[in-house]
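Chemist: What would the 3D arrangement of this be:
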Amino acid sequence: MKNISFSDLLGQTLRGVTGEVGGLSIIFTTVDGKTYQLYHDQSCCEIVTIDDICGELSDLVGSPITQAEENSSRNENPPGITSVVYYGSFTWTFYRIATAKGQVVIRWYGESNGYYSEDVYFRQL
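Modeler: Predicted structure coming up:
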């Protein structure tokens, strides 16, 4: 499976979204039968999980996606957010996705010893 851009969701209509805080992935299913996954492949000496979901995932269902953006911050906390670094490196990754019904911000937090990836990926299954 090939990783693609999160912005590929623009214009699509979702039938369902599943995922939760503390989880390792979020699954998006479109009305035309496509399935996408937002995820991180865990490895040694690092951990990357969903830190927060701001908004209602149900707002993303049944209306075309009007916003699908990704932003990251490495080794620097975004305003209003603090982290405890256990290994020496950390990354915040934000996914903003919206429809006419509302916006959801999915915040991922990753930390490692600096030699492993803290990236989040998006792919079509």
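
Chemist: how near is E56 to G62?
Modeler: In this structure, E56 lies at 12 Å from G62, with Cβ to Cβ, to the nearest Å as the measure. Placement of C-beta: from N, CA and C, glycine included.

Chemist: Which strands and helices lie in contact with the helix or strand hosting R15?
Modeler: With elements delineated by DSSP states H and E, R15 resides in strand 14-18, which encompasses its position. Using 3 or more Cβ pairs under 8 Å, 6 or more residues apart in numbering; DSSP states H and E as the contact test, the elements touching strand 14-18 are strand 25-30.

Chemist: contacting residues around the strand it packs on?
Modeler: For strand 25-30, contacts defined as Cβ atoms under 8 Å, 6 or more residues apart in numbering pick out 9, 12-19, 35-40, 50, 60, 106, 125.

Chemist: ok, now stretch 114-125?
Modeler: Applying Cβ under 8 Å, 6+ apart, the set of residues contacting stretch 114-125 is 1-6, 8, 27, 34-41, 43-46, 48, 70, 72, 74, 87-91, 93, 95, 108, 110-112.

Chemist: just to revisit the earlier point, pull out the buried residues from the contacts of strand 25-30.
Modeler: L9, L14, V17, G19, Y36, Q37, L38, Y39, H40, I50, L60, I106 (16 or more other Cβ atoms under 10 Å).

Chemist: What's the end-to-end length of stretch 81-94?
Modeler: Its first and final residues considered, stretch 81-94 spans 12 Å by Cα to Cα, to the nearest Å.

Chemist: cool, and stretch 96-116?
Modeler: Using Cα to Cα, the end-to-end distance of stretch 96-116 comes out at 25 Å.

Chemist: R74 touches T93, doesn't it?
Modeler: No: in this structure, R74 is not within contact of T93 by Cβ atoms under 8 Å, at 9.4 Å.

Chemist: and these two? which has more neighbours close in?
Modeler: More neighbours sit around T93 than around the other of R74 and T93, counting by other Cβ atoms under 10 Å; the figures are 22 against 12.

Chemist: What strand or helix carries that one?
Modeler: Remark: T93 resides in strand 89-99, with elements defined by DSSP H and E.
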